[in-house]
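**Q** Fold the stuff below for me.
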Amino acid sequence: MKFAALIALAATTFFVLCASSAARDGNDVAQNRVRKVVGDAIRPLMAKDNIPGMAVGITMAGKSWVVNYGVASTKTRMPVTGDTLFEVGSVTKAFTATLASWAQVNNQLSLTDNVDKYLPTLKNTPFGNLTLLNLGTHTSGGLPLQLPDDVRSDGQLMEYLKAWRPNHPPGKYRSYANPGIGMLGVIAAKSMGQDFVALLEQRLFPTLGMTSSFINVPATRMSDYAQGYTTEGRPVRMSTGVLSSEAYGIKCTAADLIHFVEGNMNLIKLDGKLQRAITDTHTGYFQTGVMTQDLIWEQYTYPVKLKTLLEGNSSPMIFNANPVTQLKPPLAPQQGVWINKTGSTNGFSAYIAFIPEKRLGIVILANKSYPIEERVIAAHKILTTLSATEQ
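**A** Down below sits the predicted model:
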């Protein structure tokens, strides 16, 4: 999309506020405030990075809105709507963690168990000796960010894991890794006696009330699946691979994702065991630099400075091995915290953050790859402004 065309598009941005019935029934002041605060942060971002389309979900004081901008495809010019599906990348990991926690609440696994309890073929191997908690907190000792390209089947995956050797003792360093959380998803599904994708699409999503969330987008919803774009503007969608479903495979609407945020703040009515499982994922297990590592989620004491969030979501934190201190006992779920997770695929970008004590949360989705730093800045600006207006 040409820059001038994007500016023209921004001037006539397609806004849809898909609000809860309570919001639609009457709070025009809050609605207009959300529209303005979000727009002030998102419009310049779209222009700067030439982003075709974005959807921003907000939950505040028990009400939720989704504000949509731009187009789902520069070719068809179809606008982003409440039905538009975005790839959410590693935000998927929060759902995998929730599934594992749900299995633990139902006594189907324990995070303190070793991997080889569920995968006996890995007995007497370094990977088999890891705990499930190591997998869910990136503290396995040096798993790579991605599996090697030649691992293309479950059989090759198991051979790779048998041969894997850690760079550090487990529980001493945090190395962000797709294979770790991917294997936690595999084990959680095994403990629950069902395929991972089926568990998400047939059990977890429906129980959460998420009706437009998929690993495999059905044919009837393909027209809602946004086209993604690389940093250079090349059209792309994610390709599937070993552990992709468990680590970065979800496609969903902003409305579904902000509903998940509300579930994480105990703002919607859920099955008691599932609510406990969700809350348990906010338990702090390790401290690394400015950030506390929960079960996949990353948290910071609130109020939090933008500089701190940028440090915790920086490239060194993602790509380097960072020393950790194990919290003994683990830190119980807190209210006065900022909890977040980023997600990226080659053509989509996501960021999700919430502050339980403020009953305030945000989801930012885009159909283009753009820097994590800019997502964090926009989210911090929006939530800080909305929090101040609630005083």
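**Q** For the rest of this, base every contact and every neighbour count on C-alpha atoms.
**A** OK.
**Q** center of the protein - which residue?
**A** Centroid check for the chain by C-alpha atoms, centre = their mean gives residue 91 as the closest residue, at 1.6 Å.
**Q** Assess the claim that that one and residue 343 are in contact.
**A** Yes. Assessed by C-alpha atoms under 8 Å, residue 91 is found in contact with residue 343 at 4.9 Å.
**Q** what's in contact with the helix or strand hosting residue 162?
**A** Following DSSP states H and E, one finds residue 162 within helix 154-163. By C-alpha atoms under 8 Å, 6 or more residues apart in numbering, the residues outside helix 154-163 that reach it are 122, 125-127, 151, 242.
**Q** Which element, helix or strand, includes residue 311?
**A** According to DSSP H and E, residue 311 maps onto helix 306-312.
**Q** sorry, back to before: show me what counts as buried in the helix holding residue 162.
**A** Across helix 154-163, burial judged by 16 or more other C-alpha atoms under 10 Å covers 157, 160-162.
**Q** So which of those residues is the closest to residue 58?
**A** Within the buried residues of helix 154-163, proximity to residue 58 (C-alpha to C-alpha) peaks at residue 157, which comes in at 39.1 Å.
**Q** other SSEs contacting the helix of greatest length in the chain?
**A** Using DSSP state H, we find that the single longest helix of the chain is helix 28-49. Packing partners of helix 28-49 (3 or more C-alpha pairs under 8 Å, 6 or more residues apart in numbering; DSSP states H and E): helix 3-11, strand 53-60, strand 63-70, helix 372-389.
**Q** distance between the last one and the chain's centre?
**A** The reference is to helix 372-389. The chain centroid and the centroid of helix 372-389 are separated by 17 Å under C-alpha atoms, centre = their mean, to the nearest Å.
**Q** quick one, it and helix 28-49 angle?
**A** Relative orientation of helix 372-389 versus helix 28-49 (axes from the mean of the first three to the mean of the last three C-alpha atoms, to 10 degrees): 160 degrees.
**Q** could you pull out the strands for the stretch 51-200 of the chain?
**A** 53-60, 63-70, 86-87, 173-174 (DSSP state E, counting those that start in this stretch).
**Q** which stretches of the stretch 1-150 of the chain have low pLDDT?
**A** 1-27 (pLDDT under 70).
**Q** if you set the cut-off to 50 instead, what comes out?
**A** The stretch 1-150 of the chain contains residues with pLDDT under 50 at 1-26.
**Q** Tell me which residues of stretch 345-364 come out buried.
**A** If you call a residue buried by 16+ other C-alpha under 10 Å, then stretch 345-364 has these buried ones: 345-356, 358-364.
**Q** Next: stretch 80-89.
**A** 80-89.
**Q** Equivalent analysis for stretch 31-45, please.
**A** Applying 16+ other C-alpha under 10 Å to stretch 31-45 flags 31, 34-35, 37-39, 41-43, 45 as buried.
**Q** and the two most separated of those residues?
**A** Maximum distance among these (C-alpha to C-alpha): 21.2 Å, for 31 and 45.
**Q** residues making contact with the helix or strand hosting residue 316?
**A** Under the criterion of DSSP H and E, residue 316 resides in helix 315-319. With contacts defined as C-alpha under 8 Å, 6+ apart, helix 315-319 is touched by 145, 175-176, 311.
**Q** Distance check, residue 130 against residue 171.
**A** 9 Å (C-alpha to C-alpha, to the nearest Å).
**Q** Overlap of the contact sets of the two?
**A** Residues touching both residue 130 and residue 171 (C-alpha under 8 Å, 6+ apart): residue 140.
**Q** So what touches the helix holding residue 311?
**A** Contacts for helix 306-312 (C-alpha under 8 Å, 6+ apart): 289-291, 300, 317, 373, 376-377, 380.
**Q** hang on, the earlier thing: who touches both of residue 91 and residue 343?
**A** Common neighbours of residue 91 and residue 343 (criterion: C-alpha under 8 Å, 6+ apart): 248, 350-351.
**Q** OK, contacts around residue 221?
**A** Going by C-alpha under 8 Å, 6+ apart, residue 221 touches no other residue.
**Q** Many thanks, we can stop here.
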